[in-house]
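fold the following, please.
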Amino acid sequence: MTVLRSRLGIMMFLQFFIWGGWFVTLGTFLAYNLEATGGQIGMAFSTQSWGAIIAPFIVGLIADRYFNAERLLGLLHLAGAVLLFALYSSDSFANFYPLVLCYMILYMPTLALVNAVSFRQMADPASEFARIRVWGTIGWIIAGLVISFVFSWDSGAAIEAGLLQHTFLMSAIASLALGLYSFTLPATPPRAERGTRLKEVLGLDALGLLKDRHYAIFFVASVLICIPLAFYYQNANPFLADIGMTNPTGKMTLGQLSEVLFMLLLPLFIKRFGIKRTLLIGMLAWSLRYLLFAFGEADGIAFMLLVGIALHGVCYDFFFVSGQIYTDARAGERFKSSAQGMITLATYGVGMLIGFQVAGWVTDYFATAGVTDWQAVWLFPALFALGVLLLFALLFRDRRSSLADDSAMTVSGTD
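Coordinates of the predicted model:
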């Protein structure tokens, strides 16, 4: 079992090393290497959302019915390696965008596939999965540390020299390794019946949950809070690089470290304060982190920026993971899987798609002659998150009884 756990841990490590190896610095690369506008950067980041929208078709309609999960995982990562190498060679946004769109359509389904491979090898997924999944977070962290502290690709001089494009080459090599490695993983044959309905695969069976007024309020708030979330993914690294922070990508790994810590604390907060207050803490953290970004500086008050980065664990865990737990509790046994599919499609699909577009528009609006007014950019999501918080606080009613078994929660988040 220890050997199997190690093999699955290597799979998770490479899975998220690949993603963290280029996605964090994508905005900086596009702005400096390809001279992309804020709107174009938003389009590039939106490919994650298109991938999330299309992923259920690949996993639910193909992988679950016709192919072993580990084989499809290998094929997708081998194809991904080719696309990442093509991204490494791109010299214009016009060439870059269709390649990154194709890549994310192939990559996003692999997030579900690595989970499927893991779960099928476990006797007790509730207690075993976290020890496997944590290696994914470690992989993301190591990718950032390698970029900043081993190769220094995100330093000012290196960015100007175009060295940041090497992140795609590094990720291509890792994708090739995982593609080949996947074929050595334990067999994970399909289980689903081929007659399963499309609406069930996409989570649409769970739409009945929206008839509950308070769940509908939570659902809308989840979509809206994705707009501030998109600002972080899209603008944090370019912002830190632009204001002169040294090793910004490495320092952003503080967010993943805090995510691990607050994931452990989350059950205690839900039990002590209830789901509504826990969700409100998460939304308040989004507003606070952007205020810290708006008024922090790379020199004298850099600690404000570092605290803003470290708040990622509260921002993500206390709202998005808590939301998964709340959804699971409200869904009932029949619609548990469908409900998770629905909330994921709504947030990482529709919500993030809107969020990246808004972030691009706002960044372009506050950019003049190549100079971005970052304080104004960050104040927008800070105030937006605060507005969502106030509406949620007024309209949502905490129903503690809906979380009768906090210990039964399962976590399947992304970084």
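
can you tell me the closest non-neighbouring residue to residue 171?
In space, not counting the residues next to it along the chain, residue 171 is nearest to residue 21; the distance is 4.0 Å by Cβ to Cβ, 6 or more residues apart in numbering. All C-beta spots, glycine's among them, are computed from the backbone N, C-alpha and C.

what sits against the one you found?
Contact analysis of residue 21 by Cβ atoms under 8 Å, 6 or more residues apart in numbering lists 143, 146-147, 167, 170-171, 174.

would you turn the residues you listed into CSV with neighbour count?
Below are the contacts of residue 21 laid out as CSV (neighbours: other Cβ atoms under 10 Å):
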residue, neighbour count
143, 29
146, 18
147, 30
167, 28
170, 20
171, 25
174, 26
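
nearest to residue 252 among the residues you listed?
residue 147 (9.8 Å; Cβ to Cβ).

show me how far stretch 244-264 is from its chain's centre.
14 Å (Cα atoms, centre = their mean, to the nearest Å).

grab the nearest non-local neighbour of residue 391.
Excluding the flanking residues, the one nearest residue 391 by Cβ to Cβ, 6+ apart is residue 221, at 7.3 Å.

mind listing what's buried along the strand or helix carrying that neighbour?
Using DSSP states H and E, residue 221 maps to helix 213-242. Buried residues in helix 213-242, counted by 16 or more other Cβ atoms under 10 Å: 215, 217-242.

give the contact list for the residue nearest to residue 391.
Contacts of residue 221 by Cβ under 8 Å, 6+ apart are 279, 283, 388, 391-392, 396.

let's see that with 10 Å instead.
Applying Cβ atoms under 10 Å, 6 or more residues apart in numbering, one finds that residue 221 lies in contact with 279, 283, 319, 323, 388-389, 391-392, 395-396.

what does residue 36 give?
26-27, 29-30, 42-44, 92-93, 96-97, 360 are the contacts of residue 36 under Cβ under 10 Å, 6+ apart.

repeat that with 7 Å
Contact analysis of residue 36 by Cβ atoms under 7 Å, 6 or more residues apart in numbering lists 30, 93.

what strand or helix carries it?
Here residue 36 is assigned to no helix or strand, by DSSP H and E.

same deal with the one 3 residues further on?
With elements taken from DSSP H and E, the one containing residue 39 is helix 38-58.

what's the angle from that helix to helix 213-242?
Orientation check (axes from the mean of the first three to the mean of the last three Cα atoms, to 10 degrees): helix 38-58 against helix 213-242 gives 130 degrees.

mind listing what's buried in the helix or strand hosting residue 141?
If you go by DSSP H and E, residue 141 is part of helix 125-145. Buried positions in helix 125-145, judged by neighbour count with 16+ other Cβ under 10 Å: 128-129, 132-133, 135-145.

run through the neighbouring helices and strands of it.
For helix 125-145, the packing partners by 3 or more Cβ pairs under 7 Å, 6 or more residues apart in numbering; DSSP states H and E come out as helix 2-20, helix 93-120, helix 248-251, helix 254-295.

okay if I get these as CSV plus mean pLDDT and distance to residue 367?
Shown next, in CSV, are the helices and strands packed on helix 125-145 (pLDDT from 0 to 100; distance: least, Cβ to Cβ, whole Å):
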stretch, mean pLDDT, distance to residue 367
helix 2-20, 94, 27
helix 93-120, 92, 16
helix 248-251, 96, 19
helix 254-295, 92, 16
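
please name the nearest non-neighbouring residue to residue 295.
Nearest to residue 295 is residue 304, by Cβ to Cβ, 6+ apart, at 6.5 Å.

what about the closest residue to residue 145 other than its chain neighbours, neighbour count?
Leaving aside its chain neighbours, residue 145 sits nearest to residue 250 (5.0 Å; criterion: Cβ to Cβ, 6+ apart). By other Cβ atoms under 10 Å, 20 other residues sit near residue 250.

okay, residue 250 and residue 140: tell me how far apart.
Distance, residue 250 to residue 140, by Cβ to Cβ, to the nearest Å: 12 Å.

what's next to the very next helix or strand once past the helix holding residue 141, contact-wise?
Scanning forward in sequence from helix 125-145 by DSSP H and E, the next helix or strand is helix 156-160. With contacts defined as Cβ under 7 Å, 6+ apart, helix 156-160 is touched by 28, 32, 152, 164, 241.

show the average pLDDT along helix 156-160.
Computed over helix 156-160, the mean pLDDT rounds to 92.

skip ahead from it and say which helix or strand is next.
Remark: after helix 156-160, the chain's next helix or strand is helix 166-182, criterion DSSP H and E.

not counting that following helix itself, show me its contacts.
10-11, 14-15, 17-18, 21-22, 25, 70, 73-74, 77-78, 80-81, 84-85, 87-88, 147, 151, 153.
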